[in-house]
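Participant: Below is the structure, and that's it, no one-letter string:
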């Protein structure tokens, strides 16, 4: 009887040890499964971030390279007559000088910031679609553009019209590359130096006489009579410009602010 009791106790202890071992095995297995799932999740997250960085870099490359192309066109020409009719340079000149394009108003960006689709990307859909955003800011308060020049009759090469070039507008060109999930905005700000022909510029002597400059004869004429207005010494002449795209003869662009870019994950076309 005593022998049977001892055998049962040994069997019970052996069974308990097997049960404890099974619990340990189950716990270890659960830990390994959890660890494996965590590794898979981490790998997936890293892969997702890597793919997103690749997508962002594609957007950045397209936006920056497209902005460089537009910049090259803007800086390439200084005279409107030298630029091709379908060039971005002439389009920018018309955008600045045509009053139908309103000046930028931060209270009404929807009607004073202009968006243009650049069409399908030559680099492929993976790089995103291109949108060009333009807006202009007037460098002058009010509608009048005025100034003075010192005319020296002894300077035979002096052309008054070249001296009345004015910084009329500031132009902001922003290029947006968008893939649907990621977009990159690249903005560049340009200063405009504009020249106009004689029909857009009103000259006036210090005594109030209205003058006009005749380019062919290189003489000052009295506006209402057409008689020559003689100038023998260096004279201060006032001028007022009435800008219009039809009277624009030259437009020189220069970058005024370092380019800026940013990556966003929101909707495209929202600079």
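Facilitator: Good, I have the coordinates. These figures come from a predicted structure and were not determined experimentally.
Participant: Spell out the secondary structure type for the residue nearest to residue 171 when sequence neighbours are not counted.
Facilitator: What sits nearest to residue 171 in space, not counting adjacent residues and going by Cβ to Cβ, 6 or more residues apart in numbering, is residue 190, at 4.6 Å. Yep, even glycine has a C-beta here, placed from its N, CA and C like the rest. State at residue 190, reduced to three classes by DSSP: H, G, I helix; E, B strand; the rest coil: strand.
Participant: can you pull the contacts of residue 221?
Facilitator: The contact partners of residue 221, by Cβ atoms under 8 Å, 6 or more residues apart in numbering, come to 211, 212, 213, 214, 227, 228, 229.
Participant: Tell me which two of those residues sit farthest apart.
Facilitator: Using Cβ to Cβ, the contacts of residue 221 reach their maximum pairwise distance at 213 and 227, which is 14.1 Å.
Participant: okay, these two: which has more neighbours?
Facilitator: Neighbour comparison, residue 213 and residue 227: the larger count goes to residue 213, with 21 against 10 (by other Cβ atoms under 10 Å).
Participant: Secondary structure element for that one, which one?
Facilitator: In the assignment (DSSP states H and E), residue 213 maps to strand 210-214.
Participant: just to revisit the earlier point, which residues sit in contact with the residue nearest to residue 171?
Facilitator: Residues in contact with residue 190 (Cβ under 8 Å, 6+ apart) are 74, 170, 171, 172, 173, 253, 254, 255, 256.
Participant: Kindly report the same for residue 196.
Facilitator: Contact criterion Cβ under 8 Å, 6+ apart gives 161, 164, 241, 243, 244, 247, 248, 249 as the residues in contact with residue 196.
Participant: Next, the contact list for the last one, please.
Facilitator: Meaning residue 249. By Cβ under 8 Å, 6+ apart, the residues touching residue 249 are 79, 80, 81, 161, 195, 196, 197.
Participant: The third one too?
Facilitator: When the contact criterion is Cβ under 8 Å, 6+ apart, the partners of residue 241 are 145, 146, 164, 166, 196, 200, 201, 202.
Participant: Give the bridge partners for it, please.
Facilitator: The residues paired with residue 241 through beta bridges, assigned by DSSP bridges, are residue 145, residue 201.
Participant: From residue 193, how far out is it?
Facilitator: Applying Cβ to Cβ, to the nearest Å, the value for residue 241 to residue 193 is 13 Å.
Participant: can you check the last one too?
Facilitator: Residue 249 sits at a distance of 12 Å from residue 193 (criterion: Cβ to Cβ).
Participant: repeat for the fourth one
Facilitator: To residue 193, residue 243 is 13 Å away according to Cβ to Cβ.
Participant: Residue 219 and residue 56: what is the separation?
Facilitator: In this view, residue 219 and residue 56 are 62 Å apart by Cβ to Cβ.
Participant: show me where this structure has strands.
Facilitator: Listed from the start of the chain, the chain has strands (DSSP state E) covering 114-117, 129-138, 145-151, 169-178, 183-196, 201-204, 210-214, 219-222, 235-241, 248-264.
Participant: Tell me the strands beside the second one, with direction?
Facilitator: What it means is strand 129-138. Strand 129-138 sits in its sheet next to strand 114-117 (antiparallel), strand 169-178 (antiparallel), going by DSSP bridges.
Participant: Let me know the angle separating the last one from strand 183-196.
Facilitator: Okay, so that is strand 169-178. Angle, strand 169-178 to strand 183-196, by axes from the mean of the first three to the mean of the last three Cα atoms, to 10 degrees: 160 degrees.
Participant: Please state the offset of strand 169-178 from the chain centre?
Facilitator: 2 Å (Cα atoms, centre = their mean, to the nearest Å).
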